[in-house]
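**Student:** Have a look; sequence and predicted model below, questions after that.
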Amino acid sequence: MTHRIDMTGIGKSFFATRALDDVDFSCVAGEVHALVGLNGAGKSTLMKVLGGAIERDQGRIEMDGRDVAITGPADARAIGVAMIHQEYSLIDELTVYDNIFLGRELHRKGTPFLNKAEMARRVRAELKRFGLSLDPGRLVRDLNSGEKQIVEIMRALMSEAWLIVMDEPTSALSEGDKERLFHFIRRMKSEGVAIIYISHHMPEIFGIAERVTVMRDGRIVLSERTTDTTEEAVISSMSGSELDDFVKPHKAAEGEILLSVRNVSKTATYHDVSFDLRQGEILMLTGLRGCGAPELAKTVFGLDDGYRGDIAYRDVRLKPGRGPAAAVRDGMGLVTENRDTNGILAPLSVRDNIALPFLEKSLSFGLIDNTRIERLVDRAIRDTSAKTSSPSQEIRFLSGGNKQKICFSRWLDRDLELLVLLEPTRGIDVHAKADIYRIIEELAERGVGLLILSYEIDEVVMLADRVITFYEGRSISEYVHPHFDKDRMLADIAGTGPEQAA
Amino acid sequence: METAGKTTEQSPSPAISALAMRYLVLAALIVIASLGFGFANENFFSLANIGILLRSISVLFIVSMAMTFVMLTGGIDLSVGSNVAFAGGVGVIALTATGSAPVGFLAAILAGMSIGLINGIFVGRMKLSAFMVTLATFALARGLALVIYDADSINVSNAIFLWLGGTSWGNVPVVIPFVVLVFAVLSVVLYRTTFGRDVYAAGANFKTAFVLGRRPERTLVWVYILSGALAGLSAIITVGRVSSGQPWAGLYLEFDAITAVILGGTSLFGGRGRLFGTILGVLLYGIIINGLVLTGTNPYLQSLIKGAILLSVVLLDSWTQRGKQR
Ligand SMILES: Nc1ncnc2c1ncn2[C@@H]1O[C@H](COP(=O)(O)OP(=O)(O)OP(=O)(O)O)[C@@H](O)[C@H]1O
Ligand SMILES: [Mg+2]
């Protein structure tokens, strides 16, 4: 029989924030149901209610027409609902199969000893069934993000779940891994698995989902079959307004050379890369995951000293090992790709998270001037339209995309000269994305140099003044606005471009 | 999307209200405990006794405030108790050798700071576990103290050296306003200086603090030095109170301080807590311990009661923590 889940009248408040307000949501086995909405709309919260990670205030959850009591994650698992959260939940120090069988390990008959061989065998068989190759005995710590994602999904599947919730599963995946994931999802669908799929990428949603539901401020505002609606309708229902598309403004001539990278190499990471970055220029690096470009960008910021070659900033050669403190002092900023490990300070307030790099500049008589901090923080929040109940709220309570906005906003009001951004719009909703692009352009207008790593070719083409493609640690070729050739770029980063064939 | 800032009045932010709740509970427990001991012994509320009580926990106040800084960074300093004995020893020896109280003060504080510097370098620079490092200096400092004193106490009669810990203005021991002063200074340091913000940042997420250019390694070194300096200050007060330097001074002080800090709501994992909570924690803990003495409770029971307090606080914290995630 085909299962179904019906959530009706779900309500949830966090103190004064009404995160969910009378939400009805259903999902049927064998369908992919996309859940979309702006950052902070309540998508993750709704799914956490379903998964038992958050207790609802009001509402009912029924499975196959019968009430089910979900008061903890174990209850959800018992009825076949599995979660793949926005933040990874794997244990780094355990192997792939240990993670997959965590909490329901197999034992040798009649003994308390684990049957590791059998666990590994089952995982290998299941992976093979989906045409994947991954050694089940590897430590999760050594996997890349695409592989970790696969482990999370296998864990869900092998726990005999019929409903799998995926909260922004593609945000950390490379193009190839994404294709593999979609293939995987279609396969699961045909086996009668239901998937709730949260994403900010419209093409993905229309490519894979049968149904799309839009949330806005904790309510459902639209729920349609994807064949009966359009991308535009979905996007405008998210905020109640049309998306004002980002159009790249015309650029005046660029300034002096700000950063000059000459023949830098790091073993097994990047090789012999050279480029210049001018004031007011938006230089974007792109490639596949593992192409070495993010490591290079971090090296510029001073996070990595084991490199050869020269990096000069404002005509001064940077000493290896000078560290990020010197970089920040010299007017550089960095937004990392891993906001949870080294982007946010979870227990601190939004205010402290924003103000931290700015403290030295807001001293009066040696003490921190709180009114100045307050002004700065208010502006940062307003500029990025980050959604928080107050600047005193602890940042860990913000939604995924809003955390990312805070990480970005903290650099805006400094004597910024060079901003290094790694995947700046990861987890950011479609409307806010356009806002972020506009802020980036404003910075460039002010003369700030921007070194941006992005894996999304559309973003690269839309935003860049100049693009450098990377493949296996080497810079392949350079493109200057407006002479962008998307197909050639894609060939470059896949290692099949004309230069590489030669 | 304009929700920022406007809703503050109706909705106190969750962090504040949880903390305020904690402080209210602590204040209520302080009142209940005092009333209880007040009924059991009518002397409890006498002005003289309150002075005696506060004086007896003055060192705990100071050491606990230092421990708050350390624990905000996610660390722990087990060496403070031994350090009080060691720094006191160095101070008293310097005093007897030179006869000058300022030299004695300076020596005590520098000695405390040097133990702190060792802790700081190993924990901050070499990234060793704070627990292991300060466990080692806990033994080391006590050993040094025993060597310095030759395992015997040294009497002190220098009036200036004894002033801070030993003098009273009427019923008010000098050390009480002094503790208030230290609280005020440390509050300014913690809440209004970049160093204070860095203390929170290092404990909240060391990696992020590093990426944002805050030099958390350096912050840790200074936090342990601060802890050592305040141990030195405590040593001076301790010597003043009993008019002698003793090799076993400060015994179990680290235990009492950690308990009081946790009682005051500072997280063991760093990044969360306030000095005011620690003050309430010390008051409650001190009142209970001293009340037990005053009412003539079997001294053997006291250790039992201390352990029970710590255990119940940890339990309480894990409950409220679990509640918060819901
Ligand atoms: N534990 C919590 N405490 C307080 N507020 C919370 C908590 N969890 C979520 N919120 C608030 O609830 C609202 C909805 O958050 P949610 O994480 O569901 O958004 P989302 O739709 O998943 O957004 P995103 O696309 O950015 O991931 C946000 O305003 C968020 O700040
Ligand atoms: Mg989310």
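**Tutor:** All right, it came through fine. Ligands and ions are numbered 1, 2, ... in the order given.
**Student:** Tell me which helix or strand the residue of chain A found nearest ligand 2 sits in.
**Tutor:** Among residues of chain A, the one nearest ligand 2 by Cβ to the ion turns out to be A:Ser44. It sits 3.2 Å away. Placement of C-beta: from N, CA and C, glycine included. Assignment of secondary structure by DSSP states H and E places A:Ser44 within helix A:43-51.
**Student:** tell me which residues in that helix are buried?
**Tutor:** By neighbour count on 16 or more other Cβ atoms under 10 Å in any protein chain shown, the buried set for helix A:43-51 is A:Lys43, A:Ser44, A:Thr45, A:Leu46, A:Met47, A:Lys48, A:Val49, A:Leu50, A:Gly51.
**Student:** Now for the residues you listed: which two are most distant?
**Tutor:** Across those, the longest distance by Cβ to Cβ is 12.6 Å; it joins A:Lys43 and A:Gly51.
**Student:** Quick check: which ranges of the chain have low pLDDT?
**Tutor:** You didn't pick a chain, so chain A it is. Within chain A, the stretches falling below the threshold (pLDDT under 70) are A:1, A:243, A:252-253, A:499-502.
**Student:** wrong one, chain B
**Tutor:** Across chain B, the ranges flagged by pLDDT under 70 are B:1-17, B:320-326.
**Student:** Can you show me the helices along it?
**Tutor:** Assigned by DSSP state H, chain B shows helices spanning B:14-40, B:47-56, B:58-72, B:80-98, B:101-120, B:130-149, B:159-166, B:175-192, B:194-204, B:206-211, B:216-242, B:253-263, B:275-294, B:299-325.
**Student:** Could I get the full set of strands for the stretch 51-200 of chain A?
**Tutor:** Taking DSSP state E, counting those that start in this stretch as the criterion, the stretch 51-200 of chain A carries its strands at A:58-63, A:66-67, A:81-84, A:163-167, A:194-198.
**Student:** what comes into contact with the fourth one?
**Tutor:** Under the contact criterion Cβ atoms under 8 Å, 6 or more residues apart in numbering or on different chains, strand A:163-167 has outside partners A:3, A:5, A:27, A:29, A:43-44, A:47, A:50-51, A:80-86, A:153, A:156-157, A:188, A:193-198, A:400.
**Student:** Kindly write the ChimeraX command that selects the buried subset of those.
**Tutor:** Those of the contacts of strand A:163-167 that count as buried under 16+ other Cβ under 10 Å are selected in ChimeraX with:
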select /A:3,5,27,29,43,44,47,50,51,80,81,82,83,84,85,86,153,156,157,188,193,194,195,196,197,198,400
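**Student:** about what we covered before: now narrow the buried residues of helix A:43-51 to whatever sits close to ligand 1.
**Tutor:** Here is what survives when these are matched to ligand 1 using Cβ under 6 Å from any ligand atom: A:Lys43, A:Ser44, A:Thr45.
**Student:** how about A:Ser26, what does it touch?
**Tutor:** Shown here is A:Ser26, whose contacts under the criterion Cβ under 8 Å, 6+ apart are A:Arg4, A:Ile5, A:Asp6, A:Met7.
**Student:** Quick check: nearest residue in space to A:Ile10, chain neighbours excluded?
**Tutor:** Leaving aside its chain neighbours, A:Ile10 sits nearest to A:Gly59 (3.6 Å; criterion: Cβ to Cβ, 6 or more residues apart in numbering or on different chains).
**Student:** Mark out where each domain of chain A begins and ends.
**Tutor:** Domain segmentation of chain A under automatic domain parsing yields A:4-239, A:247-331+A:416-502, A:342-415.
**Student:** Single out the most deeply packed of the ones you listed.
**Tutor:** Compared across those, domain A:342-415 shows the largest average neighbour count, a mean of 21 (mean count of other Cβ atoms under 10 Å in any protein chain shown).
**Student:** hang on, the earlier thing: got JSON lines for the strands of the stretch 51-200 of chain A, with distance to ligand 1 too?
**Tutor:** Below are these laid out as JSON lines (distance: least, Cβ to the nearest ligand atom, whole Å):
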{"stretch": "strand A:58-63", "distance to ligand 1": "15"}
{"stretch": "strand A:66-67", "distance to ligand 1": "24"}
{"stretch": "strand A:81-84", "distance to ligand 1": "13"}
{"stretch": "strand A:163-167", "distance to ligand 1": "7"}
{"stretch": "strand A:194-198", "distance to ligand 1": "7"}
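**Student:** would JSON lines of those strands with distance to B:Met65 be doable?
**Tutor:** As requested, these are arranged in JSON lines below (distance: least, Cβ to Cβ, whole Å):
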{"stretch": "strand A:58-63", "distance to B:Met65": "45"}
{"stretch": "strand A:66-67", "distance to B:Met65": "53"}
{"stretch": "strand A:81-84", "distance to B:Met65": "43"}
{"stretch": "strand A:163-167", "distance to B:Met65": "42"}
{"stretch": "strand A:194-198", "distance to B:Met65": "46"}
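**Student:** of those strands, which approaches A:Gly207 most closely?
**Tutor:** Go through these one by one with Cβ to Cβ and the one that ends up closest to A:Gly207 is strand A:194-198, at 10.7 Å.
**Student:** Can you name the next helix or strand after that closest one?
**Tutor:** Elements were assigned by DSSP H and E; along the chain past strand A:194-198, the next helix or strand is helix A:202-208.
**Student:** Chain B contacts on the stretch 1-150 of chain A?
**Tutor:** A:Phe14, A:Phe15, A:Ala16, A:Thr17, A:Leu38, A:Ala53, A:Ile54, A:Glu55 (Cβ under 8 Å from any Cβ of the partner chain).
**Student:** what's the distance between the fourth one and A:Ala172?
**Tutor:** What that stands for is A:Thr17. A:Thr17 sits 27 Å away from A:Ala172, going by Cβ to Cβ, to the nearest Å.
**Student:** neighbours around B:Thr193, how many?
**Tutor:** Residues lying near B:Thr193 (other Cβ atoms under 10 Å in any protein chain shown) number 16.
**Student:** Could you report the separation of it from chain A?
**Tutor:** Plainly put, B:Thr193 is 6 Å away from chain A if you go by Cβ to the nearest Cβ, to the nearest Å.
**Student:** Residue of the stretch 201-350 of chain A nearest ligand 1, please.
**Tutor:** Scanning the stretch 201-350 of chain A for the residue nearest ligand 1 gives A:Met215, at 6.5 Å (criterion: Cβ to the nearest ligand atom).
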